[in-house]
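**Student:** Generate a structure from the sequence data that follows.
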Amino acid sequence: MKETRKSIDLFKNLLSRADEKVGAPTQSIRAGNVEVSRNELFLKDAGTMAYEYGQKGDHYNALKWSDKAIQIDPNNAITWYNKGVDLGSLNRYSEAIQCINRAIQINPNYALTWYNKGISLGKLSRYDEAKQYFTKARQLGYKT
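**Tutor:** Now for the predicted structure:
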């Protein structure tokens, strides 16, 4: 994640300098053969911040950053998945399931999403449903 953070900061700096140079917000920036749009950069930044806060156990700040990422791109399955994981870590399992459902709707082939829905269902004592999601996760390649 440290390298990701450095790359994001570099691109944000380049974008800021480009904004100053043209006197208006620049829509994208190119460095070598890599071009990144303003939205892509801010989505990556918000998603990375959410992930980093979640990894540190600061799920409240992780949720704030996930919400920022969702505002930028409401069709990003990983962001919805991470938000669901953070909600589950706060024992907010029904809300976690809603986010995980959205992640599954966007990308039904992400095995870890199915597995974590099973976890949240199990925490709500909905064991038979949970088993179905664990089975689906294994079918998609999830290994415990």
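**Student:** all contacts plus neighbour counts: C-alpha atoms, from now on.
**Tutor:** Will do.
**Student:** tell me the SS of Val36?
**Tutor:** Put simply, Val36 is strand when judged by DSSP: H, G, I helix; E, B strand; the rest coil.
**Student:** Surely it is in contact with Phe42?
**Tutor:** No: assessed by Cα atoms under 8 Å, Val36 is found out of contact with Phe42, at 9.9 Å.
**Student:** shaky segments in this protein?
**Tutor:** Counting by pLDDT under 70, the chain has low-confidence residues at 1-5, 7-22, 24-26, 29, 31.
**Student:** In it, mark out all the helices, start to finish.
**Tutor:** 2-22, 38-55, 59-72, 77-89, 93-106, 111-123, 127-139 (DSSP state H).
**Student:** re earlier: and Val36 and Phe42? Which one has more around it.
**Tutor:** A count of neighbours by other Cα atoms under 10 Å puts Phe42 above the other of Val36 and Phe42, at 18 against 15.
**Student:** Identify the residues contacting that one.
**Tutor:** 69, 72 (Cα atoms under 8 Å, 6 or more residues apart in numbering).
**Student:** likewise Thr79?
**Tutor:** 47, 66, 69-70, 103.
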